[in-house]
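# sequence isn't available, so here's the structure alone:
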């Protein structure tokens, strides 16, 4: 039977490796005692600890600005909930509600189209460069997709955009779709109104995250 | 809204995330309470945003990955078995999502020219000191690999132990120690003469 040889830990190396977690107070009592015992006897490691404390303090104090919030997540949940609402509960329900089945197909088509447009946009849009501290916030991208009837007049399109506080961000795509930015707070109602207009074929929210 | 916030460490709070408040909110998430999810979102948002921005260096990608992560928390809350701390589970999801996003980009992640670019912060008459040291440290961090940067941030900002970091990054604890050692060595070399000059 093999004899298990005790593994001899080099206290110098152990101290060097565990120093960061000694500083943050995340070592177990036994480890902490060993490292502190070595530090008391080793001048080189003590000097390194002082430098490491300075580095730890600097990293911890680094302010990293984050400019994102709950609104985008709420939009995503709403979209997921709406998509889930299109799925009938049982086969019996599916047979009964043919109209709902058509609705599901339309929603799937719209989602596919929106996904295709999203993928195109993601490929074509250059990545936003990393902004250092104090830089201006990143400009808002599109958050909705719309397709107008081929015979829609420019004056109707212009009126619809103004009435719904929407701004054209991109398009037309190969499928003659346009990407809009609509303020998040009014987006759902604005899209409902747009869908109800005779000049509009499709108007759907567009969240790159929600479509994956 | 958390627009424009800056993630600051609050000693004694960050890194000890499995608080009763966490778990209470998470119980609400499991019960599909949107209010509990929003509160949990707001609780984790600054720390995850800081973690992801440090790892990814792309604000728009951070938003995607952060929301992907918390969407998983909402949709798959039943898969958290309590074997680890809730924060470890959530950070591990964020780390996996972030690495997947980086692979999808398939491009170098280090900002090689960071130190060649003119600063958009300091005016010529701005006082040297803390601000300059912080910019130098940010530039030095940007030169580390994503894995090294992650270990440094999880250790010193989020105050996590090496075992927790190993669980998040799904690697052996010795790998965490080695990554941390190399990251520290690189940072101190890059920061030579800058570090804590302002102290």
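Received the coordinates, thanks. It should be emphasised that the depicted structure is a prediction, and the values quoted were computed from it without experimental measurement.

# so does the lengthiest helix in chain B get close to chain A?
Scanning chain B for the longest helix, with DSSP state H as the assignment, gives helix B:34-56. Yes - with CB under 8 Å from any CB of the partner chain as the criterion, chain A is reached by helix B:34-56 at B:34, B:38, B:41, B:42, B:45, B:46, B:49, B:50, B:53, B:54. Any C-beta I mention is one placed from the backbone N, CA and C, and that applies to glycine too.

# where does chain B get nearest to chain A, which residue?
Closest to chain A within chain B is residue B:49: 3.5 Å, counting by CB to the nearest CB.

# pull the number of nearby residues for that residue.
26 (other CB atoms under 10 Å in any protein chain shown).

# so residue B:160 sits in a helix?
No - counting by DSSP: H, G, I helix; E, B strand; the rest coil, residue B:160 is not found in a helix; it is coil.

# in contact with it, which residues?
Contact analysis of residue B:160 by CB atoms under 8 Å, 6 or more residues apart in numbering or on different chains lists A:26, B:15, B:91, B:154, B:168.

# coming back round to it: okay, the residue of chain B closest to chain A: pLDDT?
pLDDT for residue B:49: 89.

# hang on, isn't it packed against residue B:62?
Yes - the pair residue B:49 / residue B:62 is scored as a contact, 6.1 Å apart, by CB atoms under 8 Å.

# now do the longest helix of chain B: which elements does it pack against?
Judged by 3 or more CB pairs under 8 Å, 6 or more residues apart in numbering or on different chains; DSSP states H and E, helix B:34-56 is in contact with strand A:64-66, helix A:70-85, strand B:5-7, helix B:20-30, helix B:59-75, helix B:86-105, helix B:146-156.

# and the fourth one, which residues are buried?
If you call a residue buried by 16 or more other CB atoms under 10 Å in any protein chain shown, then helix B:20-30 has these buried ones: B:22, B:25, B:26, B:28, B:29.

# distance of the spatially closest residue to residue A:199 that is not a sequence neighbour from residue B:148?
Spatial nearest neighbour of residue A:199, excluding adjacent residues (CB to CB, 6 or more residues apart in numbering or on different chains): residue A:152 at 3.9 Å. Here the distance between residue A:152 and residue B:148 works out to 55 Å (CB to CB, to the nearest Å).

# equivalent analysis for residue B:191, please.
14 Å.

# kindly report the same for residue B:137.
For residue B:137 relative to residue B:148 (CB to CB), the value is 14 Å.

# most centrally placed residue in chain B?
residue B:51 (1.2 Å; CA atoms, centre = their mean).

# centre of the chain to the longest helix of chain B, how far?
10 Å (CA atoms, centre = their mean, to the nearest Å).

# tell me how chain B divides into domains.
What automatic domain parsing lists as the domains of chain B is B:16-109, B:110-199.

# and of those domains, who's closest to residue A:56?
Set against residue A:56 and scored by CB to CB, those come closest in domain B:110-199, at 4.7 Å.

# show me where chain A has its helices.
A:11-23, A:29-41, A:43-61, A:70-85, A:91-96, A:98-124, A:154-163, A:184-195.

# quick check, residue B:137 in contact with residue A:62.
Yes - if you go by CB under 8 Å, residue B:137 and residue A:62 touch, sitting 6.3 Å apart.

# point out where the chain drops to low pLDDT.
I'll assume chain A. A:1-8, A:64-71, A:86-140, A:174-175, A:207-212 (pLDDT under 70).

# actually chain B
B:1-19, B:106-130, B:193-199.

# how about 50 then?
In the predicted model of chain B, residues B:1-5, B:10-17, B:120-127, B:196-199 satisfy pLDDT under 50.
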